[in-house]
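Visitor: let me see the structure of the following:
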Amino acid sequence: MSNLDLVKKIRQATGAGMSDINKALVEANGDEAKAVEILRKAGQKIAAKKADREIKEGTIVFAEADGKLAVVALGCETDFVARNPDFIAQVQELADELLKRGKDDFSTWANDKIQNDLIVKIGENLQLVKFDLIESAIMGSYLHSNRKVASVVTLKSGTKEIARDVAMHAAAMAPKYLQPEEVPAELLDKEKEIYTEQLKNEGKPEAMWEKIMPGKVAKFYSDVCLLKQAYVKDDKQSIEQYLKANNAEIDKYFYFSL
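Guide: I've put the predicted structure just below:
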């Protein structure tokens, strides 16, 4: 194999620049495996240098098979890279591996690949922002066209179409909790403090506060709880009412964003 062919082969395998590959080959006395090792070590150095650079963009990818859905969110520095088909394909490989491997040692494997391979190829600081492996017989997912917002909903009863509708709603409305019972007591207490102060400032008689407070709390729940939110496709009913009307019951929901 000619030196040029070897350089092309290593470039295809690592994504490293031509000059870096030539330097590595010289250092490795023409040994391909050693040259790749040198480049990988250089990649670790590159990763260390880039680690302080801010992650502002990224891509979310799904991989699905046999009732399981893998979700991987990989952060990068620029929108140019986030939209690049090659970058998206690399994130897809991570999601495919998560689906095959499972969650147990995925983080270790993925971070090693990111540090040693992907940063060398892509030339930006990259971070595994989030990943999950979700399993359900009734599951719906939604990935926004910008690949920066995604949601997954699993149902105890109902259809995949209903699960997808609720997932699309969740992606649009970004609920923090599934239902009021999940809202931390300290957060609710803080909201009530704010409402009390508002009522004082509005000059409402203190005797009326107890009558007004439940309505304000209900409005708060409709903002932050998925089941209490007005359904985006029909704001005359809540998600809870939509599910009940279709004999569906939610199990879990997952929200991802970059």
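Visitor: in stretch 86-95, what's buried?
Guide: Across stretch 86-95, burial judged by 16 or more other C-beta atoms under 10 Å covers 87, 88, 90, 91, 92, 93, 94, 95. C-beta: built from backbone N, CA, C; applies to glycine.
Visitor: which of the three states applies to the residue nearest to the second one when sequence neighbours are not counted?
Guide: Spelled out, it's residue 88. Of all residues not flanking residue 88 in the chain, residue 59 sits nearest, at 5.6 Å (C-beta to C-beta, 6 or more residues apart in numbering). Three-state call for residue 59 (DSSP: H, G, I helix; E, B strand; the rest coil): strand.
Visitor: just the one 3 residues further on next, same as before
Guide: Using three-state DSSP, the structure places residue 62 in strand.
Visitor: is residue 127 in contact with residue 72, as I believe?
Guide: No. In terms of C-beta atoms under 8 Å, residue 127 does not count as a neighbour of residue 72; the distance is 11.7 Å.
Visitor: neighbour count for those two, which is higher?
Guide: Remark: of residue 127 and residue 72, residue 72 carries more neighbours, 27 against 15, as counted by other C-beta atoms under 10 Å.
Visitor: where does the more buried one fall, secondary structure wise?
Guide: strand 68-76 (DSSP states H and E).
Visitor: ok, and for the following helix or strand past that strand, which residues are buried?
Guide: Following strand 68-76 in sequence order, the next helix or strand is helix 79-82 (DSSP H and E). By 16+ other C-beta under 10 Å, the buried positions in helix 79-82 come out as 81, 82.
Visitor: could you check the angle the strand or helix carrying residue 86 makes with strand 68-76?
Guide: Per DSSP H and E: residue 86 is located in helix 85-101. Counting by axes from the mean of the first three to the mean of the last three C-alpha atoms, to 10 degrees, helix 85-101 points 140 degrees away from the direction of strand 68-76.
Visitor: any idea how the chain splits into domains?
Guide: 3-50, 53-135 (automatic domain parsing).
Visitor: point out the most buried one among those domains.
Guide: Burial of these is given as mean neighbour count (mean count of other C-beta atoms under 10 Å); domain 53-135 ranks first at a mean of 17.
Visitor: run the chain-centre distance for that one.
Guide: 9 Å (C-alpha atoms, centre = their mean, to the nearest Å).
Visitor: what of stretch 229-247?
Guide: In terms of C-alpha atoms, centre = their mean, the centre of stretch 229-247 is found 25 Å from the chain centre.
Visitor: repeat for stretch 180-192
Guide: That offset, for stretch 180-192, works out to 26 Å (C-alpha atoms, centre = their mean).
Visitor: over to stretch 139-146?
Guide: Distance, stretch centre to chain centre, for stretch 139-146: 11 Å (C-alpha atoms, centre = their mean).
Visitor: could you export it as CSV, CA atoms only?
Guide: Output in CSV follows, covering the C-alpha atoms of stretch 139-146 (Å, rounded to 0.1, in the frame of the first residue of the first chain):
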residue,chain,number,x,y,z
MET,A,139,-45.0,3.8,23.5
GLY,A,140,-45.1,6.9,21.4
SER,A,141,-42.3,9.3,20.7
TYR,A,142,-41.8,12.7,19.1
LEU,A,143,-38.6,14.4,17.9
HIS,A,144,-38.8,18.0,16.8
SER,A,145,-37.5,18.9,13.4
ASN,A,146,-34.6,20.8,14.9
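Visitor: buried set for it?
Guide: 139, 140, 141, 142, 143.
Visitor: and what of stretch 207-218?
Guide: 216, 217.
Visitor: swap in stretch 191-206?
Guide: Buried residues in stretch 191-206, counted by 16+ other C-beta under 10 Å: 191, 195, 196, 199.
Visitor: ditto for stretch 247-256
Guide: Buried-residue list, stretch 247-256, by 16+ other C-beta under 10 Å: 248, 250, 251, 253, 254, 255, 256.
Visitor: and those as CSV, adding pLDDT and secondary structure?
Guide: Listed next are those as CSV, based on pLDDT from 0 to 100; DSSP: H, G, I helix; E, B strand; the rest coil:
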residue, pLDDT, secondary structure
248, 97, coil
250, 96, strand
251, 96, strand
253, 94, strand
254, 95, strand
255, 95, strand
256, 94, strand
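Visitor: thank you, goodbye.
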